[in-house]
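*Asks:* model the structure of this input:
(3 chains)
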Amino acid sequence: MDNKGEIQNQIIQAVETVRRTNPLAGSITNTVTMNFVANAQLAVGGSAAMVYLPDEGEFLAKVGGAAYINMGTLLPIYEETLPHTAKVLYETGKPWVLDPVAIGIGALRTQLLQQFKAYKPSVVRGNASEIIALAGLWGLDGGTEVSNVRGVDSRDSVNAAKAGAVALAKWTGGAVAVSGETDLITDGDLIVFSQGGSHFMEKITGFGCSLGGVTAVYATVASPFIAALTAAGVYNLAGKRAANKVDAPGSFQVRFLDELYKATAEDIANNPLEIEAV
Amino acid sequence: MDNKGEIQNQIIQAVETVRRTNPLAGSITNTVTMNFVANAQLAVGGSAAMVYLPDEGEFLAKVGGAAYINMGTLLPIYEETLPHTAKVLYETGKPWVLDPVAIGIGALRTQLLQQFKAYKPSVVRGNASEIIALAGLWGLDGGTEVSNVRGVDSRDSVNAAKAGAVALAKWTGGAVAVSGETDLITDGDLIVFSQGGSHFMEKITGFGCSLGGVTAVYATVASPFIAALTAAGVYNLAGKRAANKVDAPGSFQVRFLDELYKATAEDIANNPLEIEAV
Amino acid sequence: MDNKGEIQNQIIQAVETVRRTNPLAGSITNTVTMNFVANAQLAVGGSAAMVYLPDEGEFLAKVGGAAYINMGTLLPIYEETLPHTAKVLYETGKPWVLDPVAIGIGALRTQLLQQFKAYKPSVVRGNASEIIALAGLWGLDGGTEVSNVRGVDSRDSVNAAKAGAVALAKWTGGAVAVSGETDLITDGDLIVFSQGGSHFMEKITGFGCSLGGVTAVYATVASPFIAALTAAGVYNLAGKRAANKVDAPGSFQVRFLDELYKATAEDIANNPLEIEAV
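*Replies:* Now for the predicted structure:
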């Protein structure tokens, strides 16, 4: 997989297979951005469904091709729903994407994230501070004891999270995606930097969350690493294109969804990326 | 009511009365699309309010002219809130719209939908698979034992739901609306096909949900059948008009809300519809 | 503070300090409009985070510069979360904004609003009927026993709420903002009328909620009174500008977020306002 052309071919295949088969990736995700998550999943050709209850999480885990768990806006019932759903996903071998947003806030979030270590999420997606904090919580290399997360914002650079990202990917056997000005995606062996996007992505809530949901859509048809790369590629491409056409964040979000929908498989595969070995 | 002109006159009256009186139709609805539901209700001239708790559901049932219950994203408290609210609606003779979205997923949803049979929703709105599944759950003609719903998507055609829709309408004494490429609306005696809309409605979440909320707005001033026809008419008209002006789903949703707001009563009444006897 | 120029200078400073420092104002707010709240907070330069659980509310109270509590769509856990968070805010001297939306609906909302009297919100923001009802609930001048709220809509004029607003501000020692065609903001000594906005603000849900969230952002860097004036100023300015460029509510909301982002500190300070002594 160290061949750029081979990676690009697999990205093309992931994009086209999703558009052709409309795969379902169910989510348990935060209420602030769940509408955006669903619309982004639909825009790339997937299908979306969100639930809160334990048996409904299990249902989605079984019927969908992959699933997305986002830790924002925890509700009391999540104490049951999240570990149960993650366990079903793990035991049935279904790929799932974890967004450890707001790691460090509150006792329940910490408890749940600790439980998830055993259920090995196929893709972990977060900003640099979140990735470092999760590696720390799981006792892996590159993590720190003290979280440097402020609410939902990152205070660390993407490169600072490299060691933690690699350690997490080695633990799960999947992939880790660190969102930043340049995104870093690794499967533990290779590190890919995906470029593009726009500063407006910081001015609208939910770009990280919806990127996680879109990653789950691609994970229904591709490996965790290719799914993460494809999602990063279409986000960076659509973000760059949308930013070229607008001058403010409200219009940017609308145009971004449009560009997600319009992006061709070839354009996504050709979005700039750099590959290096770990 | 088998006269097309008479139906059109009643649609005009419903649209204009709502715009003049700004009636409230409260909702207990899913968190993915509730913002869209509220904005669509406001765009057609109604007023919106959403709640979760049992006594708040009762309050909205009593103070509003109609109500909307959507089964997506169930929360634990809904075990109390939904039957209590539906009972108050039924006993006070208030029209209410049921959207049995995701029927077949989870034990609570099934239990609640079984309870609703006795509280006779004035309008049931769903896609073909949901309508067939609800008829089956309630032991009516045209239903099937096995749900063919995948998450929130339909796998059946609108015409396949005709018998179930008619049976549901006969049971409730109200109307049933089946959403699809062409919508089917029946009061158990007549069947109306309403045309228009856009393929972009599949690419943004919440068109079905918000159609249900708008139906509840019209049900505050019109019969269930006319309310369902008026809502289908304005949705098909606004969808067609919006699709003519954009080329992607993000822009489509924005423009759709604009067209909901701009549509005149005459244009809504003149949106193509075909009538046949059951 | 009775000098208009001095008020305008403080508004300029609030706007610029927020843009430079990106302060966090956490929220416990309703699920219908929370996405809009977050995006409005980001558009003016703040940072947003939303939670439901008691210890997470406490965390946000401590880590943020101010907080926002909105009473819409109460969940059962709010019985613990809201008083606990408000108590922490009060005891740590953190400014907080209360939106008593839907006051009068349900037993829990009434109970919580009664508890909040002791925790003295720095800014109370509501429509006229809500402000009058809250003054009444707290046994202050200008309030009435019987709420005239219908769901989330106001049936009273802004001027009718003047006495209640002044009494509330005197009780809290902070400010009160009454939203209407012209907004009324008072600190108990001065009354400022802020003009602008658009009738489209009634046609999209969440302008009141997001105004509260933006007020909390400014309260991280300014007094409650200046925070409320700054928020009203940018909302009235952006609303007027957006309305000049569109003809329908869907486009209006998109453009409004754009104008929030683009408004300069000077333009916000120069938005029309009239000052009178109580």
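*Asks:* you'd agree residue A:275 is in a strand?
*Replies:* Yes: the assignment for residue A:275 is a strand, going by DSSP: H, G, I helix; E, B strand; the rest coil.
*Asks:* quick one: contacts for it?
*Replies:* Shown in contact with residue A:275 (Cβ atoms under 8 Å, 6 or more residues apart in numbering or on different chains): A:2, A:4, A:7, A:190-192. C-beta here means a position set from N, CA and C on the backbone, and glycine is covered the same way.
*Asks:* could you report the pLDDT at it?
*Replies:* On the pLDDT scale, residue A:275 is placed at 96.
*Asks:* and if you look at residue A:152?
*Replies:* pLDDT recorded at residue A:152 is 64.
*Asks:* same check on residue A:16?
*Replies:* We have a pLDDT of 98 for residue A:16.
*Asks:* which non-adjacent residue is nearest the closest residue to chain B within the stretch 51-200 of chain A?
*Replies:* At 4.1 Å from chain B, residue A:56 is the closest residue in the stretch 51-200 of chain A, using Cβ to the nearest Cβ. Closest residue in space to residue A:56, ignoring its immediate chain neighbours: residue B:106 at 4.1 Å, by Cβ to Cβ, 6 or more residues apart in numbering or on different chains.
*Asks:* what's the first-to-last distance across stretch A:239-253?
*Replies:* End-to-end distance for stretch A:239-253, by Cα to Cα, to the nearest Å: 9 Å.
*Asks:* one more: stretch A:52-72?
*Replies:* First-to-last residue span, stretch A:52-72, Cα to Cα: 13 Å.
*Asks:* stretch A:59-75 too?
*Replies:* Counting by Cα to Cα, you get 19 Å between the two ends of stretch A:59-75.
*Asks:* let me see the mean pLDDT of that stretch.
*Replies:* Mean predicted lDDT for stretch A:59-75 stands at 98.
*Asks:* list the buried ones in that stretch?
*Replies:* Judged by neighbour count (16 or more other Cβ atoms under 10 Å in any protein chain shown), stretch A:59-75 contains these buried residues: A:59-61, A:63-75.
*Asks:* about what we covered before: checking the residue of the stretch 51-200 of chain A closest to chain B next. Helix, strand or coil?
*Replies:* Secondary structure, three-state DSSP: residue A:56 is helix.
*Asks:* tell me the one of the buried residues of stretch A:59-75 nearest residue B:46?
*Replies:* Residue B:46 lies nearest to residue A:73 out of those, by Cβ to Cβ, at 28.2 Å.
*Asks:* so the residue nearest to that closest one when sequence neighbours are not counted is in which element?
*Replies:* Once flanking residues are discounted, residue A:73 sits nearest to residue A:30: 4.0 Å by Cβ to Cβ, 6+ apart. Using DSSP states H and E, residue A:30 is not contained in any helix or strand.
*Asks:* correct me, but residue A:30 touches residue A:212?
*Replies:* No: shown here, residue A:30 and residue A:212 do not form a contact pair, counting by Cβ atoms under 8 Å, at 10.4 Å.
*Asks:* ok, the two, which is more surrounded?
*Replies:* Using other Cβ atoms under 10 Å in any protein chain shown as the criterion, residue A:30 and residue A:212 rank with residue A:212 on top: 30 against 27.
*Asks:* against residue A:11, how distant is the more buried one?
*Replies:* Counting by Cβ to Cβ, to the nearest Å, the gap from residue A:212 to residue A:11 is 18 Å.
*Asks:* tell me the mean pLDDT over stretch A:168-182?
*Replies:* Averaging pLDDT along stretch A:168-182 gives 97.
*Asks:* ends of that stretch, what's the gap?
*Replies:* 19 Å.
*Asks:* could I get the buried residue list for that stretch?
*Replies:* A:168-172, A:174-180, A:182.
*Asks:* contacting residues for the residue nearest to residue A:56?
*Replies:* With contact set as Cβ under 8 Å, 6+ apart, residue B:106 has these partners: A:51, A:53, A:55-56, A:59, B:74.
*Asks:* again, only this time at 7 Å
*Replies:* A:53, A:55-56, A:59, B:74 (Cβ atoms under 7 Å, 6 or more residues apart in numbering or on different chains).
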